[in-house]
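**Student:** Dropping a prediction and its sequence here:
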Amino acid sequence: MVIVFKPKYNEERNEKRKLGRYIFLASFLVQIVSLMFGTLLVYDMLNSLMSSIVVYIFYKIFSNSIVFIKEYNYKTAYTIEEIMGTSLMLSIAISAIGDFSIYGLCIKDILCILIVLVLGWKNGILVGATAGVTIGIVQGVIGVGEPIIIASYAVSRNASRTFK
């Protein structure tokens, strides 16, 4: 799609090239073409549409959150979207570890709480609270966890504020 239609280029934003619609169209076309070789059902078309929408959403999240990781050492004002996107991206990456544990301690939970502690310690209460809630919700949705997980991330955010 990028070869056929040139994307718009904007230096001022995190997403320098506007590639979202191209990614959406490419994902949707690939899935529709694969449906043409089999039985075409409305369910499969709707499933392809929803999958393409999810791909577009994750593209937007990841393109805006890379800036926070690149410029972590610089003291700048980040938007809530960048902070939530970064914590979402990191929690999804950490959840790929699975249920690996050492001496009964889940490594995934320890790393997620460590991320919340570091973000709250380095960047303040707003960043810690946003990252804690985002990571808690993602870990509760991805893993079959209990709602108490969100509270444990909020407690770690409070601990980072107290010990700062």
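**Tutor:** Noted; the coordinates are in hand. Numbering: from 1, shown residues only.
**Student:** Show the backbone phi and psi for residue 106.
**Tutor:** The phi/psi pair for residue 106 (degrees, to the nearest 10) reads phi -80, psi 120.
**Student:** Quickly list what it is bridged to.
**Tutor:** Residue 106 forms beta bridges with residue 101, as assigned by DSSP bridges.
**Student:** Give the burial count for it, as a bare number.
**Tutor:** Using other CB atoms under 10 Å, residue 106 has 15 other residues around it. The way it works is simple: take the backbone N, C-alpha and C, and place the C-beta from them, glycine included.
**Student:** Look up how far residue 100 lies from it.
**Tutor:** Plainly put, residue 106 is 8 Å away from residue 100 if you go by CB to CB, to the nearest Å.
**Student:** again, but for residue 117
**Tutor:** 20 Å.
**Student:** So for the two, which sits in the more crowded spot?
**Tutor:** In this view residue 117 and residue 100 are compared by other CB under 10 Å, and residue 117 has more residues nearby, 21 against 9.
**Student:** how about the most far-flung residue of the chain relative to its centre, phi and psi?
**Tutor:** Note on the chain: the largest C-alpha distance from the chain mean falls to residue 39, namely 34.1 Å (CA atoms, centre = their mean). With angles defined as degrees, to the nearest 10, residue 39 sits at phi -70, psi 130.
**Student:** Tell me the pLDDT of it.
**Tutor:** Reported pLDDT at residue 39 in the predicted model: 80.
**Student:** Sketch out the low-pLDDT regions of the protein for me.
**Tutor:** Filtered on pLDDT under 70, the chain yields the residue ranges 1-17, 72, 75-78, 143-164.
**Student:** All set, thanks.
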